[in-house]
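**Student:** Need a 3D model of the following:
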Amino acid sequence: MYTIDVMLKDSPLPVSVQRKDQEDAEALYQQILTAMGSTPQLIELTCDKQPEKKVALYSDRISATILSQKSGTTASGRPPGFFVGVEE
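**Tutor:** Next comes the predicted model:
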């Protein structure tokens, strides 16, 4: 299973959807990247794991996107890498 996390400006939590196939995940990742670089548009995302899960986002509100493969070795449930710790 592949997870695509989309970080939004002014929001601390990512929006995540999953794809079963690597090709589908790569295609969605590229679609999001293309939308980020073009004029603002509405993007609707669905999830393969939970088909009833749908979300619509404006492309100009996206600050980053991450594509990762779900690993059985991750204990915390988070995808490995790209974790930013906050110092107090």
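**Student:** mind listing the strands for the chain?
**Tutor:** 2-8, 15-19, 42-46, 54-58, 62-69 (DSSP state E).
**Student:** which residues touch the second one?
**Tutor:** This means strand 15-19. Strand 15-19 is contacted by residues 1-6, 8, 25, 28, 45-50, 53, 55, 57, 70 when judged by CB atoms under 8 Å, 6 or more residues apart in numbering. For glycine as for every other residue, the C-beta is placed from the backbone atoms N, C-alpha and C.
**Student:** at 6 Å what do you get?
**Tutor:** 1-6, 25, 45, 47-49, 55 (CB atoms under 6 Å, 6 or more residues apart in numbering).
**Student:** Show me the one of the strands of the chain that comes nearest Thr34.
**Tutor:** strand 42-46 (9.9 Å; CB to CB).
**Student:** mind saving the C-alpha coords of that closest one as PDB?
**Tutor:** The C-alpha coordinates for strand 42-46 follow below in PDB (Å, rounded to 0.1, in the frame of the first residue of the first chain):
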ATOM      1  CA  LEU A  42      -9.900  22.100  -7.200                       C
ATOM      2  CA  ILE A  43      -8.500  18.600  -6.800                       C
ATOM      3  CA  GLU A  44     -10.700  15.800  -5.500                       C
ATOM      4  CA  LEU A  45      -8.800  12.800  -3.900                       C
ATOM      5  CA  THR A  46     -10.200   9.400  -3.000                       C
END
